[in-house]
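[1] Model the following, please.
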Amino acid sequence: MTTQNDIPFELYKANLQFTLRTNKLLKECGQRWLDTFDHAVGESIAESQEEIDKLSLDDNWQSLAAVPGETLVRLMQERVGDAQAVAQAAVTNQTRFLTGLQDAFLMWQRDTAKAMGSVEAAKPFNAALGDFFKLFANATTMATGSGHEH
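    Prediction:
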């Protein structure tokens with residue numbers, strides 16, 4: 001049972017846990033971005049090596065003359081693919097971050113209410129927090145396109 005003397009400790013603990021959970025979410029989001037770009041750069045390096053290897057095997061002018069045009073087409077295709085991967089990563093990151101943040105808020109809310117000793121006293125706050133997260137849910141729905149009719 002929480003006593004009056006334990007409330008500041010429990011509130012501090014709940015706030016610190018919320019801060020650490022949020023920090024972890026930000027790190028995970030950053031890691032997903034790094035992974036996305038690492039994958040794109042890795043593919044680009046491998047393709048450049050393939051071009052170098054192919055060029056070393058070419059032994060006629062016609063093959064060499066075709067390289068700039070082929071490279072341009074490949075680079076244009078890569079940029080379209082990169083843009084799609086970045087857009088997908090942005091949607092995924094936003095969705096995961098907002099879901100994780102909502103979970104962190106709910107845990108913080110539960111821990112704070114527990115520390116205060118009364119769920120009844122937290123009801124107005126719970127309602128306001130629910131409205132706050134509806135804004136994020138709407139933004140996520142719009143970002144993923146599921147809120148638009150076709």
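[2] Show me what the strand or helix carrying Ala83 is packed against.
    Using DSSP states H and E, Ala83 sits within helix 61-116. For helix 61-116, the elements it packs on are helix 7-57, helix 123-144, judged by 3 or more CB pairs under 8 Å, 6 or more residues apart in numbering; DSSP states H and E. Any C-beta I mention is one placed from the backbone N, CA and C, and that applies to glycine too.
[3] Looking at the ones you listed, which is nearest to Trp108?
    helix 7-57 (3.9 Å; CB to CB).
[4] pLDDT (mean, whole number) over the closest one?
    For helix 7-57, the mean pLDDT works out to 86.
[5] Can you check what angle separates it from helix 61-116?
    Here the directions of helix 7-57 and helix 61-116 differ by 170 degrees (axes from the mean of the first three to the mean of the last three CA atoms, to 10 degrees).
[6] SS state for Asp59?
    coil (DSSP: H, G, I helix; E, B strand; the rest coil).
[7] tally of neighbours for it?
    7 (other CB atoms under 10 Å).
[8] Same check on Ala14?
    Counted by other CB under 10 Å, the residues lying close to Ala14 total 20.
[9] what number of residues lie near the closest residue in space to it that isn't next to it in sequence?
    In space, and not counting its chain neighbours, Ala14 is closest to Asp111: 3.7 Å by CB to CB, 6 or more residues apart in numbering. By other CB under 10 Å, the residues close to Asp111 number 17.
[10] Contact partners for Asp111?
    Counting by CB atoms under 8 Å, 6 or more residues apart in numbering, Asp111 touches 10, 13-14, 17.
[11] now Glu78
    43-44, 47.
[12] Same question for Ala85.
    Contacts of Ala85 by CB under 8 Å, 6+ apart are 36, 39-40.
[13] Distance-wise, check it relative to Thr92.
    In this view, Ala85 and Thr92 are 10 Å apart by CB to CB, to the nearest Å.
[14] Likewise for Gly42?
    Distance, Gly42 to Thr92, by CB to CB: 19 Å.
[15] what do you get for Trp61?
    From Trp61 across to Thr92, the span is 47 Å (CB to CB).
[16] of the two, who's got more company?
    Using other CB under 10 Å as the criterion, Trp61 and Thr92 rank with Thr92 on top: 14 against 8.
[17] if I read this right, the more buried one contacts Arg32, doesn't it?
    Yes - with contact defined as CB atoms under 8 Å, Thr92 counts as touching Arg32 (7.0 Å).
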